[in-house]
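Q: My questions are about this predicted structure, shown below with the sequence.
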Amino acid sequence: MISLFSKSQNLVGLDIGTHSIKLLEVAGGIDSLSLVHMGVAPLPPESFTEGRLAKPELVAETIRTLASHLKVKRKSVAVSISGYDAMIKKIELPSMTENELAERMQSELGQYIPYNIDEVDVDYQVIDASKNRPNFMDVLLVAAKKESIVDFSNLVKLAGFDAAVVDVDFFALCNSFEATLGFDDKRVAMLDIGAGKTLLNIIDKGVPTFTRSISIGGNQLSEAIRDNFDISFEEAEEVKLGDPNHKYPAGELQDIFVSVVQGWLTQCQRALEFYSHNFPEDKIDSIYLSGGSCQIPDLDKVFSEQLKVPVQIFNPIANIYHDAKHFDPAYLAYLGPQMAISFGLALRKNREK
């Protein structure tokens, strides 16, 4: 079994998305972190097809170019596989010793995992005693597809780096939040809104207890703008990020944004309602938005009004020391929320696996 839980020098955090590559490196301990390298590079559109890696050589070249531009010297990186390729589940088991648990998990994994056991790597961790059943304990179980782990490891190797840790993006998000804001007794929901998908990660006292990959993201907005104005996807991407020349009618753009965001809200609402149905006593205290598509003007306010929960933008590097001569504060403020996963990965250590 591989270890996906242990937090044992820091690695380079490499977030390989379907739209862009994000790279981040920090130095120092958890209480004295400083920013060393940070950058984003767009991927050629044909790099991924329907969310799956299609042109690894293009992705590898983008990684090499970005790392070279940032003058990254370290070759050991931490990457993460998508939530689509992993299963995270909290289960209840009778209280038992560590050895007894190992034997039971080895013999009974099939009833908990909806995959062929031979096709996944598995890890588990005892969380705590069950709060609902005496003499039972809560165990967090994760299964990750071996094929995806191998694909990403080979991709990183093709780019000239070593994948010292292959994580799951949900755990990277969790680590990112814990290192910056901390959990205490909070129950928070994290929504990382990317180009092609959104990660919903509900974390109870530092433990991911409910995870979902939702098929919504910034590409939907770009596609709606493209179709409405009959322009290229690339130009629509630029319009999405702002229309300083006022080339397109503001009213039409507003209608597009409202329509797409309402679709996002509907999907998120369904996922949150499913969580509430299964955990009726576990009320979410707050929601944090991250990812490249989270900074649409007033998106946090719209989410808060519709979901009836306090919502704010999560910038994991807001309070990390940085040299102002090398990092423009405005650039960091803009890019920070996009780096949530890469920051969580950058906190991993080179002796972990």
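A: Sure, I can see it. Numbering: from 1, shown residues only.
Q: Please count neighbours and contacts with C-alpha atoms only from this point.
A: Noted.
Q: Run the chain-centre distance for stretch 264-279.
A: The chain centre lies 18 Å from the centre of stretch 264-279; the measure is C-alpha atoms, centre = their mean, to the nearest Å.
Q: Please disregard the earlier target; I meant stretch 54-64.
A: 20 Å.
Q: Report the contact partners of Glu25.
A: Residues near Glu25 by C-alpha atoms under 8 Å, 6 or more residues apart in numbering: 10-13, 35-38, 343, 346.
Q: Keep only those of these that are in strands.
A: Secondary structure from DSSP state E places 12-13, 35-38 of the contacts of Glu25 in strands.
Q: still on that earlier bit, for the contacts of Glu25, work out which two are farthest apart.
A: Farthest-apart pair in the contacts of Glu25 is Asn10 and Met38; separation 14.2 Å (C-alpha to C-alpha).
Q: which secondary structure element contains the closest residue to Leu307 other than its chain neighbours?
A: In space, Leu307 comes closest to Gln269 once its chain neighbours are excluded; the distance is 6.9 Å by C-alpha to C-alpha, 6 or more residues apart in numbering. With elements taken from DSSP states H and E, the one containing Gln269 is helix 250-278.
Q: in that helix, what's buried?
A: Using 16 or more other C-alpha atoms under 10 Å as the test for burial, helix 250-278 gives 253, 256-257, 260-261, 264-265, 268, 271-272, 275.
Q: Now the element after it, going C-ward?
A: With elements assigned by DSSP H and E, the helix or strand that comes after helix 250-278 is strand 286-290.
Q: from the middle of its chain, how far away would that following strand be?
A: Averaged C-alpha coordinates place strand 286-290 at 12 Å from its chain's average position (C-alpha atoms, centre = their mean).
Q: What would it look like as CSV? C-alpha coordinates only.
A: What follows is strand 286-290, C-alpha atoms only, in CSV (Å, rounded to 0.1, in the frame of the first residue of the first chain):
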residue,chain,number,x,y,z
SER,A,286,-18.1,28.5,6.1
ILE,A,287,-17.2,28.0,2.4
TYR,A,288,-13.8,28.9,0.8
LEU,A,289,-13.4,29.4,-2.9
SER,A,290,-10.2,28.8,-4.7
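Q: Downstream of it, the next helix or strand is which one?
A: helix 299-307.
Q: Other residues contacting that next one?
A: Counting by C-alpha under 8 Å, 6+ apart, residues outside helix 299-307 touching it are 265, 269, 289, 294, 310-313.
Q: now stretch 44-57
A: For stretch 44-57, the surrounding residues in contact (C-alpha under 8 Å, 6+ apart) are 18-19, 58-59, 155, 158, 196.
Q: Same check on stretch 77-89?
A: Here stretch 77-89 makes contact (C-alpha under 8 Å, 6+ apart) with 11-16, 113, 140-145, 148-149, 152, 161-170, 172, 199, 209-213, 345-346, 348.
Q: Quick check: Leu191 touching Thr211?
A: No - checked against C-alpha atoms under 8 Å, the pair Leu191 and Thr211 is beyond contact range at 10.1 Å.
Q: Need the three-state assignment for the nearest residue to Val260 once chain neighbours are set aside.
A: The shortest distance from Val260 to any residue that is not its chain neighbour, by C-alpha to C-alpha, 6+ apart, is 6.1 Å, and that residue is Leu221. Following DSSP: H, G, I helix; E, B strand; the rest coil, the label given to Leu221 is helix.
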